[in-house]
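*Asks:* using only what follows, build the 3D model:
(one chain, ligands or ions: 1)
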Amino acid sequence: MQGYVMSRKKICVIGATGSIGSATLAIVRQFPEKFEVVGLGAHSRVEDLQRLVEEFSVPWAACTGISCCSEWKKTSRLLVGESAAQQLIEASDPDLVISAIVGIAGLAPTFYALNAGIDVLLANKESLVCAGELIKRMRDNASLRVGRLIPADSEHSSLDQLLHRQGRDQVRSLVLTASGGPFLHKPLSELKSVTPRIAVAHPTWQMGPKISVDSATMVNKALEVIEAYWLFEVDLDQIDVIIHPQSIVHALVEFHDGAIFAHLSTPDMRGPLSYGLGIEGQRLPNVMRPLRLADVGALTFLQLDNERFPAIALARQCVERGGTAPAIFNCANEEAVELFLQNELRFVDIVPFIEETLQCIEATSYGSVEDLVEVQMKVASLKSEIVRRCNHG
Ligand SMILES: NC(=O)c1ccc[n+]([C@@H]2O[C@H](COP(=O)([O-])OP(=O)(O)OC[C@H]3O[C@@H](n4cnc5c(N)ncnc54)[C@H](OP(=O)(O)O)[C@@H]3O)[C@@H](O)[C@H]2O)c1
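*Replies:* As a prediction, the model looks like this:
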């Protein structure tokens with residue numbers, strides 16, 4: 001007897017060659033009967049992209065960091081150039097885009113997908129940080145058919161799962177946990193000599209270099225506070241951060257009555273990604289190593305030290321200021337991390353670099369993705385001046 005064959009979910013992964021892209025494709029390898037990869041996008045790693053395209057028999061690929069590629073095997077179509085990721089989404093016509101590009105470069109394709117009514121599994125938090133107001137306006141516009149925004153960040157996916165079927169009016173606070181990164185207990189005086197190699201060695205998560213540095217400065221958690229603000233539409237002062245070095249509890253929701261629900265799992269991005277990829281809220285089996293709490297022993301929690309990690313308070317001020325302030329915060333951080341990874345800025349100057357940039361550029365209201373790209377260009381044009389100021393500070 002012929003069984004009922006369910007059609008596979010068509011997915012397009014942009015940022016496919018990175019850490020999140022790889023974790024997503026690992027899930028597809030585990031469940032080939034559930035997913036069809038219709039598009040894959042990368043930036044510079046063309047050979048890796050070609051390998052993935054062949055493995056998954058993908059009809060469409062995109063590479064944003066090149067203008068042509070004569071060695072590309074003709075089994076699939078390759079789109080190139082700056083806007084290749086948007087063209088990839090349009091051509092491959094997916095049910096779901098996995099937005100796994102790092103940085104504000106992910107904004108235009110993410111916005112394009114949402115605006116075209118395509119659901120987005122969002123790892124690229126920088127998009128929502130920069131364009132939260134714009135995306136909210138678009139989602140609130142009843143005359144538009146906007147795609148759903150599904151969180152991929154472990155904390156936000158956990159909150160999404162915890163809030164399932166619970167009214168927001170019953171929530172007292174949302175709590176994001178932070179591991180504290182590699183320098184949680186390092187004397188502040190020793191942070192001056194931190195090198196990129198030390199900073200990217202995260203104690204609990206395997207991630208790309210930019211988010212690893214962001215975790216060490218806690219800018220990552222600052223970006224996540226802004227991300228939670230736009231995703232869950234609660235007041236800013238209802239979003240808390242707590243240090244939890246084991247990265248087992250990813251988030252907590254405190255309800256009105258005083259009950260607190262927590263989400264626990266091993267630290268493995270395949271957990272939140274598989275939940276986001278899952279079909280109609282169905283959890284995919286055996287994606288993460290089982291969590292044995294008796295082996296973990298103790299779960300500890302510490303108050304956030306704002307002197308050691310000033311980025312979160314700064315991010316909150318940016319949300320309160322509104323307009324382009326969160327985008328300036330984000331773009332300044334992207335420049336600072338790049339400079340740090342090239343040994344042109346000290347680790348301890350990353351957050352001061354952001355503060356200086358916020359002093360130099362006035363936040364204004366904005367109305368389009370292009371306005372935010374202008375913010376990015378303005379920040380980039382000021383970077384040498386800001387580095388000079390940091391060196392004299
Ligand atoms: N890694 C994690 O565990 C984790 C967890 C939560 C959230 N996130 C978020 O997920 C996103 C990706 O992080 P990741 O750790 O996977 O980064 P990653 O390993 O550095 O990978 C970045 C990906 O983006 C592509 N890319 C880089 N610059 C680009 C550009 N200008 N235009 C288009 N594509 C570009 C890269 O392509 P090439 O490799 O071809 O150059 C690569 O595929 C970030 O927003 C991060 O905050 C990551």
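
*Asks:* now the end-to-end length of stretch 274-290.
*Replies:* 15 Å (CA to CA, to the nearest Å).

*Asks:* buried ones in it?
*Replies:* Of the residues in stretch 274-290, S274, Y275, G276, L277, G278, L284, V287 count as buried by neighbour count, 16 or more other CB atoms under 10 Å. Glycine gets a C-beta too; all of them are placed from N, C-alpha and C.

*Asks:* which one is the second one nearest to, not counting chain neighbours?
*Replies:* Spatially, and ignoring its direct neighbours in sequence, Y275 is nearest to S157 (5.7 Å; CB to CB, 6 or more residues apart in numbering).

*Asks:* for Y366, which residues are in contact?
*Replies:* With contacts defined as CB atoms under 8 Å, 6 or more residues apart in numbering, Y366 is in contact with E133, L134, G323, T324, A327, L372, V375.

*Asks:* in helices only, show me those residues.
*Replies:* Of the positions in the contacts of Y366, E133, L134, A327, L372, V375 sit in helices, assigned by DSSP state H.

*Asks:* so the nearest residue in space to the third one that is not next to it in sequence, which state does it fall into?
*Replies:* Nearest-residue entry for A327: C130, 4.0 Å, with adjacent residues in sequence omitted and distances by CB to CB, 6+ apart. In the three-state summary, C130 is assigned as helix, counting by DSSP: H, G, I helix; E, B strand; the rest coil.

*Asks:* next, count neighbours for C130.
*Replies:* 30 (other CB atoms under 10 Å).

*Asks:* so how far is the ligand from it?
*Replies:* 11 Å (CB to the nearest ligand atom, to the nearest Å).

*Asks:* how near is that residue to E280?
*Replies:* Distance of C130 to E280, given as CB to CB, to the nearest Å: 31 Å.

*Asks:* same question, Q161
*Replies:* From Q161 to E280 the distance is 14 Å (CB to CB).

*Asks:* does L79 sit in a helix, a strand or a coil?
*Replies:* strand.

*Asks:* so what's it up against?
*Replies:* W60, A61, A62, C63, Q87, L88, A91.

*Asks:* now it. Nearest residue, chain neighbours left out?
*Replies:* A62 (4.2 Å).

*Asks:* check contacts around that neighbour.
*Replies:* I14, G39, L40, G41, A42, L78, L79, V80, A84, A85, Q87, L88.

*Asks:* go on, A332?
*Replies:* Applying CB under 8 Å, 6+ apart, the residues near A332 are F353, I354, E356, T357, L358, V379, I386.

*Asks:* and if we set it to 7 Å?
*Replies:* For A332, the contact set (CB atoms under 7 Å, 6 or more residues apart in numbering) comprises F353, I354, T357, L358, V379.

*Asks:* state the distance from it to the ligand.
*Replies:* From A332 to the ligand the distance is 16 Å (CB to the nearest ligand atom).

*Asks:* could you look up the SS state of that residue?
*Replies:* Classified using three-state DSSP, A332 is helix.

*Asks:* once you drop chain neighbours, what's closest to it?
*Replies:* T357 (3.6 Å).

*Asks:* what about the one you found, helix or strand, and which?
*Replies:* helix 350-360 (DSSP states H and E).

*Asks:* SS state for the closest residue in space to A222 that isn't next to it in sequence?
*Replies:* Nearest residue to A222, sequence neighbours excluded (CB to CB, 6+ apart): A315, at 3.5 Å. Secondary structure assignment for A315 (three-state DSSP): helix.

*Asks:* check contacts around A315.
*Replies:* A315 makes contact with A222, L223, V225, I226, F329, according to CB under 7 Å, 6+ apart.

*Asks:* relative to R139, which of the residues you listed is nearest.
*Replies:* I226 (16.1 Å; CB to CB).

*Asks:* tell me, how many residues neighbour the closest residue to the ligand within the stretch 151-300 of the chain?
*Replies:* Taking CB to the nearest ligand atom as the measure, the point where the stretch 151-300 of the chain comes nearest the ligand is G208, at 2.6 Å. Counted with other CB under 10 Å, the neighbours of G208 add up to 17.

*Asks:* the closest residue to it other than its chain neighbours: how many residues sit nearby?
*Replies:* Counting by CB to CB, 6+ apart, S19 is the residue found nearest to G208 once chain neighbours are left out, at 4.7 Å. Other residues lying near S19 total 19 when counted by other CB under 10 Å.

*Asks:* so who does S19 touch?
*Replies:* Q206, M207, G208.

*Asks:* quick one, phi/psi of the second one?
*Replies:* Meaning M207. phi -140, psi 170 (degrees, to the nearest 10).

*Asks:* quick check: pLDDT value at it.
*Replies:* Looking at M207, its pLDDT stands at 92.

*Asks:* let me see the contact set for it.
*Replies:* Taking CB under 7 Å, 6+ apart as the criterion, M207 is in contact with S19.

*Asks:* where's the closest residue to V200 other than its chain neighbours, which helix or strand?
*Replies:* Of all residues not flanking V200 in the chain, S212 sits nearest, at 4.1 Å (CB to CB, 6+ apart). Element membership for S212, per DSSP H and E: helix 209-217.

*Asks:* what angle do that helix and helix 350-360 make?
*Replies:* Counting by axes from the mean of the first three to the mean of the last three CA atoms, to 10 degrees, helix 209-217 lies at 100 degrees to helix 350-360.

*Asks:* who does helix 209-217 touch, helix- and strand-wise?
*Replies:* helix 196-199, helix 219-232, helix 325-341 (3 or more CB pairs under 7 Å, 6 or more residues apart in numbering; DSSP states H and E).

*Asks:* most surrounded residue in the contacts of A315?
*Replies:* Among the contacts of A315, the one with the most neighbours (other CB under 10 Å) is A222, at 30 neighbours.
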